[in-house]
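# What would the 3D arrangement of this be:
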Amino acid sequence: MPSDPLDAGLLSPATVGHDSLVSDRAYLDALVRAECALVTAYADRGIAPREVAVAVDHAFGLDEKYGSPSLGIDLDALATASVAGGNPVIPLVGELKGRVPAECRPWIHRGATSQDILDTAAMIVARAAVAQVIASLTHTGQWLRSLAETHADTVAAARTLTQHAVPTTVGARAAAWERGIRRSLARLDALVFPAQLGGAAGTLASFVEITGSVDAAAALPAAYAEAAGLDAPDAPWHVTRWPVTELGDALAQAVDALGVFAADVATLSRTEIGEVAEGTGGGSSAMPQKQNPAEAVLIRSAALRAPQLAATLHLASALAVDERPDGAWHAEWPTMRELLRLALGASWHASSLAAHLRVDTDAVARNLALTGGRIVSERLRGVLVPLIGADRFAALVGSDGDLGEALRALPETRDLDIDALLDPAGYVGLAPRLARTEDPR
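Next up is the predicted model:
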């Protein structure tokens with residue numbers, strides 16, 4: 001009787017329903033696609049007969065719009081068989097050769113090494129997953145831009161080191177969230193996803209032998225990349241792991257930006273603050289009065305995990321020694337998959353959170369007034385210190401009671417418009433303008 005999968009998402013609710021693009025089956029499909037793409041590349045360069053490539057594609061459903069390349073391959077059996085050689089490509093090659101006509105078998109995996117296929121498959125998976133992350137981040141940014149413009153003039157208390165600082169606006173805060181996401185989108189858009197084709201030690205010696213020409217062998221990686229739907233590599237990157245670390249860094253930056261958004265929402269939705277609320281979910285098992293910021297919590301859980309995963313990718317990259325890594329490469333696989341998975345889940349939840357986020361303007365105004373006008377102390381200092389001196393000003397601001405009454409009682413302020421001076425809306429600086437700055441992308 002087969003066992004349950006190790007991870008169905010029971011302990012990772014942030015990713016439930018959003019990780020099919022990086023499932024074991026998705027990776028297996030990509031491995032098959034990578035092998036088939038190599039046959040196609042040989043045919044495109046006139047090295048293998050075209051009918052061989054057609055037959056191979058047909059054998060694995062690649063000539064069908066919604067074909068599943070790994071259909072019929074026993075995933076559990078393949079995983080078990082991968083232990084002996086240390087990766088799943090070795091047993092997969094035998095499986096694939098058994099599924100194609102005899103005349104096609106010599107072209108399956110011809111000249112390639114396991115790392116060529118697995119790295120290429122990883123890039124196939126990553127490109128599809130990143131496209132989905134970009135879509136979710138784009139939607140998140142659009143919702144936040146709308147929120148920023150709607151509340152560009154809604155004056156709120158800015159907080160620094162957890163305390164009231166000076167006035168800002170709700171829109172300016174939302175615009176800051178959006179700018180962080182916009183920057184992460186730029187990083188993700190700039191990524192390249194190179195195919196990998198180097199042969200046993202990255203010299204392409206096998207391909208020179210197969211094609212009969214140095215120039216033909218040199219042209220093969222670009223043809224392979226095109227067949228796999230990836231970017232052409234400038235050279236084999238078996239131990240030059242920038243495609244992985246740059247991908248990891250871009251994903252971590254995206255999840256970082258989402259984490260800031262989620263952390264602010266979690267804080268602002270506290271009962272005693274109540275300036276925002278999530279529009280969906282959030283029930284408690286024991287306390288029916290609660291409306292927990294569940295999506296913000298899930299996004300934060302991803303943000304707390306992502307940086308360490310990116311760091312592991314850098315560690316593996318730094319230890320990718322010789323011409324093929326001995327363990328460092330293997331450590332990348334589950335690490336990158338988990339980072340992609342977290343980005344997929346966190347970005348989807350962020351899109352939902354931004355779409356449904358509610359602002360309680362009454363709570364915003366109530367909190368703004370909590371310090372009795374002292375939130376504009378920075379402004380008051382510039383006006384009053386020349387009139388009453390620094391010591392008297394410090395005593396005035398530090399005293400209890402209504403600040404407005406205390407100011408009106410001073411003979412030195414008789415010519416000042418105290419109401420205007422204490423109005424937080426008059427000391428928001430560029431906050432409304434920053435909130436309305438349109439996305440230049």
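# Give me the secondary structure label for residue 165.
Recorded secondary structure, residue 165: strand (DSSP: H, G, I helix; E, B strand; the rest coil).
# Likewise for residue 57?
helix.
# any idea how far residue 321 is from it?
From residue 57 across to residue 321, the span is 37 Å (C-beta to C-beta, to the nearest Å). Bear in mind the C-beta positions are built from the backbone N, C-alpha and C, glycine included.
# Of those two, which one has the most company?
Set residue 57 next to residue 321 and count neighbours by other C-beta atoms under 10 Å: residue 57 wins out with 21 against 11.
# Which pLDDT value does the model give the nearest residue to that one once chain neighbours are set aside?
The shortest distance from residue 57 to any non-neighbouring residue, by C-beta to C-beta, 6 or more residues apart in numbering, is to residue 63 (5.0 Å). pLDDT, residue 63: 88.
# in the stretch 251-400 of the chain, which ranges drop under the pLDDT threshold?
Applying pLDDT under 70 to the stretch 251-400 of the chain flags residues 281-290.
# quick one: the helices in it?
Counting by DSSP state H, counting those that start in this stretch, the stretch 251-400 of the chain has these helices, from start to end: 294-318, 328-356, 361-368, 377-388, 390-398.
# for the stretch 101-250 of the chain, same thing?
Assigned by DSSP H, counting those that start in this stretch, the stretch 101-250 of the chain shows helices spanning 114-150, 170-189, 205-211, 214-228, 242-268.
# Include distance to residue 358 when you put the ones you listed into CSV, please.
What follows is those, written out as CSV (distance: least, C-beta to C-beta, whole Å):
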stretch, distance to residue 358
helix 114-150, 10
helix 170-189, 11
helix 205-211, 59
helix 214-228, 45
helix 242-268, 11
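# show me the contacts for the closest residue to residue 388 other than its chain neighbours.
Spatial nearest neighbour of residue 388, excluding adjacent residues (C-beta to C-beta, 6+ apart): residue 412 at 5.4 Å. Residues in contact with residue 412 (C-beta atoms under 8 Å, 6 or more residues apart in numbering) are 384, 387-388.
# Select only the buried ones of those residues in PyMOL?
Restricted to buried positions by 16 or more other C-beta atoms under 10 Å, the PyMOL selection for these reads:
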select buried, resi 384+388
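# Can you convert the contacts of residue 412 into a markdown table and add a column each for distance to residue 200?
Shown next, in a markdown table, are these (distance: C-beta to C-beta, whole Å):
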| residue | distance to residue 200 |
| --- | --- |
| 384 | 78 |
| 387 | 82 |
| 388 | 82 |
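# closest to residue 141 among the contacts of residue 412?
In terms of C-beta to C-beta, no member of those lies closer to residue 141 than residue 384, at 41.8 Å.
# Tell me which residues touch the closest one, please.
Counted by C-beta under 8 Å, 6+ apart, residue 384 has contacts 393, 396, 407, 412-413.
# Likewise for residue 101?
Counting by C-beta under 8 Å, 6+ apart, residue 101 touches 55, 59.
# and it, how far is that from residue 116?
Separation of residue 101 from residue 116 (C-beta to C-beta): 23 Å.
# still on that earlier bit, out of the contacts of residue 412, the closest to residue 177 would be?
Distances from residue 177 to those, taken by C-beta to C-beta, are shortest for residue 384, at 34.9 Å.
# Report how many residues lie close to residue 263.
By other C-beta under 10 Å, the burial measure for residue 263, its neighbour count, is 14.
# scratch that, residue 253 is what I was asking about
21.
# so it touches residue 182, yeah?
No. In terms of C-beta atoms under 8 Å, residue 253 does not count as a neighbour of residue 182; the distance is 11.5 Å.
# quick one: contacts for residue 216?
Contacts for residue 216 (C-beta under 8 Å, 6+ apart) come out as 45, 47, 207-208.
# Select from these the one having the most neighbours.
Using other C-beta under 10 Å as the neighbour criterion, residue 207 leads the contacts of residue 216 with 27 neighbours.
# Just give me how far stretch 100-109 sits from the chain centre.
Centre-to-centre, stretch 100-109 and its host chain are 39 Å apart (C-alpha atoms, centre = their mean, to the nearest Å).
# Stretch 422-430 now?
36 Å.
# again with stretch 379-395
48 Å.
# same check, this time on stretch 182-198
12 Å.
# mind listing what's buried in it?
By neighbour count on 16+ other C-beta under 10 Å, the buried set for stretch 182-198 is 182, 184-185, 187-188, 191, 193-198.
# Quick check: end-to-end length of that stretch?
36 Å (C-alpha to C-alpha, to the nearest Å).
# What average pLDDT does that stretch get?
98.
# swap in stretch 96-113?
For stretch 96-113, the per-residue pLDDT averages 97.
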